[in-house]
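[1] Below are the sequence and a predicted model; questions follow.
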Amino acid sequence: MTDIYEPSKIDVTIGSAAGTSGVVDLSGKSLLAFIVPATFAGTTFTYLAGTLKDNQGAGTLPIGNYYPVYDPSGNQLTTTIGTGRVITDVPELAPLRYIQIVSSATQTANRTVTVLYK
C-alpha cells in the first residue's frame, strides 16, 4: 500500500553539453522539491516559464516562447543548489504551468533532476 503522503515525481533531463532541462508541466501540481544528483555540474538553478502550446495532439509537450522568471523585486529567480541534495519548494514557481530548469553550468553527461510534487 502506498503512503498517501508520498509525493509523486517527474524526472527531467538536462542533456550532455547543455544547461537547460526539458519542459516540466506543473498543471494541477504543488511543487515540493528538486532532487539534484551527486554528479550534477553547477551551483544554481534559474528558471524559464512559458504558457504557449501548439496545435499538436493531446499528450504532447508545449512549444512556444519561454522567458526568465523574476521575483517581485525584479531579480532573476535563482536557487542555490548543491549536489546530492533535496532543494525545497520554490514558491515563486507556484503560479506557473510550464517551466524549464537552467543550470549555472553545462553538463558533461545527461543529468536527471527529479521534481517532487503532490
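    That came through fine. Residues are numbered from 1 along each chain as shown.

[2] alpha carbons only for contacts and neighbour counts from here, please
    OK.

[3] Could you list the low-pLDDT ranges of the protein?
    For the chain, applying pLDDT under 70 flags the ranges 1-4, 52-64.

[4] Could you rerun that using 80?
    Low-confidence segments of the chain (pLDDT under 80): 1-5, 51-65, 89.

[5] From residue 6, how far off is the residue positioned nearest the centre of it?
    Closest residue to the average C-alpha location of the chain: residue 101 at 4.2 Å, with C-alpha atoms, centre = their mean. Using C-alpha to C-alpha, to the nearest Å, we find residue 101 at a distance of 23 Å from residue 6.

[6] What of residue 79?
    Distance from residue 79 to residue 6, by C-alpha to C-alpha: 24 Å.

[7] tell me the contacts of residue 113?
    11-14, 34-37 (C-alpha atoms under 8 Å, 6 or more residues apart in numbering).

[8] would you list the residues you listed in a markdown table and tack on secondary structure and distance to residue 90?
    Below are those laid out as a markdown table (DSSP: H, G, I helix; E, B strand; the rest coil; distance: C-alpha to C-alpha, whole Å):
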| residue | secondary structure | distance to residue 90 |
| --- | --- | --- |
| 11 | strand | 17 |
| 12 | strand | 17 |
| 13 | strand | 19 |
| 14 | strand | 19 |
| 34 | strand | 9 |
| 35 | strand | 13 |
| 36 | strand | 14 |
| 37 | coil | 18 |
